[in-house]
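Engineer: return a 3D structure for these sequence lines:
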Amino acid sequence: MTIAKFYQFVTERATETQPSWTNKDCIRFHYFNPNGVYAKKKAIDKLIDTLVDEGKAKGGAIIAYGSLNYHNTEHLAAMLRYKRVKPSELYAVISGIQWDIEKAKKFIAETEGA
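Structural biologist: Presented below is the predicted three-dimensional model:
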């Protein structure tokens with residue numbers, strides 16, 4: 001597989017990361033791929049925006065759970081520019097985004113259930 005085809009596979013068609021991938025490949029997957037954590041976070045952000053727009057949640061929800069809760073996603077974007085990525089840093093950022101998503105899902109469930 002050529003480098004270009006592998007890049008396309010990682011960023012567009014892969015469904016999960018593979019142990020044989022480099023840390024940079026994992027970052028590319030999570031940032032560009034529709035199955036990565038960045039796409040999942042953007043989907044959750046839209047749900048939070050909808051709740052606020054409908055008046056079901058206060059505007060602070062966008063800061064706490066939505067699109068203005070972007071520390072981890074900004075860090076992921078910055079890591080795309082790094083020459084080398086430490087596995088611990090990669091794991092921390094991915095875990096942080098997953099935690100943000102879970103926290104937002106819980107908020108959404110509580111808000112819609114109320």
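
Engineer: name the nearest residue to I62, ignoring sequence neighbours.
Structural biologist: L68 (5.1 Å; C-beta to C-beta, 6 or more residues apart in numbering). C-beta: built from backbone N, CA, C; applies to glycine.

Engineer: that neighbour and L90: what is the separation?
Structural biologist: 24 Å (C-beta to C-beta, to the nearest Å).

Engineer: more crowded one of these two?
Structural biologist: Set L68 next to L90 and count neighbours by other C-beta atoms under 10 Å: L90 wins out with 18 against 14.

Engineer: contacts for the helix or strand harbouring A4, please.
Structural biologist: Assessed by DSSP states H and E, A4 sits inside helix 3-8. By C-beta atoms under 8 Å, 6 or more residues apart in numbering, the surrounding residues in contact with helix 3-8 are R28.

Engineer: the residue nearest to I62 touches A61, doesn't it?
Structural biologist: No: when contacts are counted by C-beta atoms under 8 Å, L68 is not listed as touching A61 (9.5 Å).
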